[in-house]
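J.: 3D model of this:
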Amino acid sequence: MRDSNPSVKPVRHKRQLALVGVVGAGAILLSACHPNAVPTANDKVVGGSRPNKLSTSFRESVVAQGSTPLENGTAAVPFYGYLGDGPHVPVPGDLPSANHKVEATKTEPDKNTYLVLANQSGADATYNYGTHFLFQGHENGAPGYITRINLDADANHRVTLLGTQDTDAQDLPDFDGSTWDPWAQRLLFTAEGSKGGGVWQSTTGPGATIENLTGIIGQGGYEGIQNDSVGNLWIVEDIGGAKGTVNNKAKQQNSFVLRFVPTNPSDLKAGGKLQALQVQSQATPGSPIAFHAGAADADILSQDAKDLHTYGKSFTTTWVTIHDTAVDGTAPFNANALAKTAQATPFKRPENGVFRPGIGFTEFYFTETGDTDAGTQAGSDYGGFGAVYKLSQYAPNAAGGTLSLLYKGDVAHTGLDNLAFRDQNNVVVVEDAGDALHTQRNALDSAFELDVTAKYGAVGAAEPTRVLAEGRDPAATLDSQFSGMAGFQNDGDNEITGIHISNGDPGPTGVLGAFVPNVGANGWRVFWTQQHGENITFEIFKN
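T.: Residues are numbered from 1 along each chain as shown. Down below sits the predicted model:
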């Protein structure tokens, strides 16, 4: 039975509107109480498993893990985080080969989206699934699929498979990002490369209506996706560029920040305009910072790249339209190529973005992953270790604004990926540094809290606060030893993903960024996923 749009019912938070001012005031009080820091990252040792180290200000609890059976699983997709193509644990002594899998493909549940909804159905027509749900796309394996964790349900109904195919009977791609569009009343999932990348929209129950929007919003390495207060979609793209010939451990800037302006926010299929962010050069006044084909080395160490990673500089920005369905039609198109043609500004693997809450959607923060190589010739000064940027506009639908650097990464703070605001001033940013860099620096991933009012880089400035030092579970420890063997299809070390802070409000007035989070009160909850290995999703609570 397909779940249709009218069945998506919100559960209203009592006194929600009356509490806006109270929540804001409470968050200001909370923001003064920074969490206790985790002193060090976990080291990476061959054959060594490590537990997660969480700030003593918080505690965590498992809500689902890779081996959790789907209540309506199939032979191909039977579990939350594993496909049905092998055992969960390799048979002792077994080794992978080109034609043999020693273990099941781990599907890597990715970005989390939390919603409070009533009248939601499941595979069991006699069961009450409750009202609190956590949705994920999955980043690895074929087919791609979407899951719903039923947070109020028992073990047998804990995780529901929403679908593996779209309305064109095509297998879903592997998904990276997700969000809830409160105007369209649809879940939105993004894909980086599989099937060209792009955006798919879905309803919320099993047998979901899942629709491909690549003819509307384009194809690209889409990952982060977020609504603003007027129904626009802000999309952060992640496509690694070419390595330099001389700078052979660094990559050319190759990915864009996009904004989709829908004709009708309640119906994304009605079309709209896709725009790309263009940043004006300070090194060459009057010209935009643009991509240069065949000039990887020049772009990697350009003055523009250095300027973008220099504290205290502010750049003028403009949104340039690269596709308009009213003019260009609805055939799938390559957004990355069109952005380059329009001289939009490329970044070094930006991944995710969020609005600072409670200030009218006038500040958008996004991460840049960098090169994930300790030997990058770009170093910190040219973005080799990534960054966190602030894009300021007088309104979310403004034609332009200003861009500035909040934080410049280094080898100990790099691979910057998902991010979420804990309160009005403090944003949690997580690493995805990768196995090679873990080995190079002998440190696994961490989550850090940044204060957006701080002056990082100044003399005597505080460093980011580590709130989580991710460990390596036994399954990921084993997988890291299989890495590189012919036929082994899974990633090694664990990765932090899906950091998500929300009160689950599904209405337009509750879009992320409207209310100031107050974790542990007024329905605000925190989730993250320890991707790879056992693929565990946790909820975090205040201690």
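J.: can I assume A125 sits in a strand?
T.: No: read with DSSP: H, G, I helix; E, B strand; the rest coil, A125 is coil and lies in no strand.
J.: where exactly do the strands run in the stretch 101-250 of the chain?
T.: All strands of the stretch 101-250 of the chain, identified by DSSP state E, counting those that start in this stretch, fall at 109-118, 132-138, 146-150, 159-163, 177-181, 186-191, 198-202, 210-212, 222-227, 233-237.
J.: As JSON lines, those with mean neighbour count and mean pLDDT would be great.
T.: All C-beta spots, glycine's among them, are computed from the backbone N, C-alpha and C. What follows is the strands of the stretch 101-250 of the chain, written out as JSON lines (neighbours: other Cβ atoms under 10 Å; pLDDT from 0 to 100):
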{"stretch": "strand 109-118", "mean neighbour count": "24", "mean pLDDT": "98"}
{"stretch": "strand 132-138", "mean neighbour count": "26", "mean pLDDT": "98"}
{"stretch": "strand 146-150", "mean neighbour count": "25", "mean pLDDT": "98"}
{"stretch": "strand 159-163", "mean neighbour count": "25", "mean pLDDT": "98"}
{"stretch": "strand 177-181", "mean neighbour count": "25", "mean pLDDT": "98"}
{"stretch": "strand 186-191", "mean neighbour count": "27", "mean pLDDT": "98"}
{"stretch": "strand 198-202", "mean neighbour count": "25", "mean pLDDT": "98"}
{"stretch": "strand 210-212", "mean neighbour count": "20", "mean pLDDT": "98"}
{"stretch": "strand 222-227", "mean neighbour count": "27", "mean pLDDT": "98"}
{"stretch": "strand 233-237", "mean neighbour count": "27", "mean pLDDT": "98"}
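J.: For these, give me TSV that also has distance to F385.
T.: TSV is the format used below for the strands of the stretch 101-250 of the chain (distance: least, Cβ to Cβ, whole Å):
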stretch	distance to F385
strand 109-118	23
strand 132-138	28
strand 146-150	33
strand 159-163	36
strand 177-181	22
strand 186-191	24
strand 198-202	29
strand 210-212	36
strand 222-227	19
strand 233-237	18
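J.: V427: which of the ones you listed is closest?
T.: Each of the strands of the stretch 101-250 of the chain has some distance to V427 by Cβ to Cβ; the shortest is strand 222-227, at 13.2 Å.
J.: Against which helices or strands is that closest one packed?
T.: Counting contacts by 3 or more Cβ pairs under 8 Å, 6 or more residues apart in numbering; DSSP states H and E, strand 222-227 is packed against strand 177-181, strand 186-191, strand 198-202, strand 233-237, strand 350-355.
J.: Report the next helix or strand after the helix or strand of the chain with the lowest mean pLDDT in sequence order.
T.: Least confident helix or strand, the chain: helix 20-31 with a mean of 34, by mean pLDDT, DSSP states H and E. Toward the C-terminus, helix 20-31 is succeeded by strand 53-54 as the next helix or strand (DSSP states H and E).
J.: In terms of secondary structure, what does that next one contact?
T.: Using 3+ Cβ pairs under 8 Å, 6+ apart, strand 53-54 is in contact with strand 465-469.
J.: still on that earlier bit, the helices and strands packed on strand 222-227: which one's closest to G141?
T.: The nearest among these, by Cβ to Cβ, is strand 186-191 at 13.0 Å.
J.: Neighbouring strands of that closest one in the sheet, and parallel or not?
T.: Here strand 186-191 has these sheet partners by DSSP bridges: strand 177-181 (antiparallel), strand 198-202 (antiparallel).
J.: Please write out the alpha-carbon positions of the last one in CSV.
T.: Going back to what we said before, that points to strand 198-202. Taking C-alpha atoms only, strand 198-202 is exported to CSV below (Å, rounded to 0.1, in the frame of the first residue of the first chain):
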residue,chain,number,x,y,z
GLY,A,198,21.0,14.3,-8.3
VAL,A,199,17.9,14.6,-6.1
TRP,A,200,15.1,12.1,-5.5
GLN,A,201,11.9,12.8,-3.5
SER,A,202,10.0,10.3,-1.5
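J.: any idea of the angle it forms with strand 159-163?
T.: Taking axes from the mean of the first three to the mean of the last three Cα atoms, to 10 degrees, one finds that strand 198-202 is oriented at 110 degrees with respect to strand 159-163.
J.: Just give me how far strand 198-202 sits from the chain centre.
T.: From the chain centre to the centre of strand 198-202 is a distance of 15 Å (Cα atoms, centre = their mean, to the nearest Å).
J.: angle of that strand against strand 233-237?
T.: Going by the same axes, to 10 degrees, strand 198-202 makes 130 degrees with strand 233-237.
J.: that's a strand at A475, yeah?
T.: No: read with three-state DSSP, A475 is helix and lies in no strand.
J.: Tell me, how many residues neighbour it?
T.: 24 (other Cβ atoms under 10 Å).
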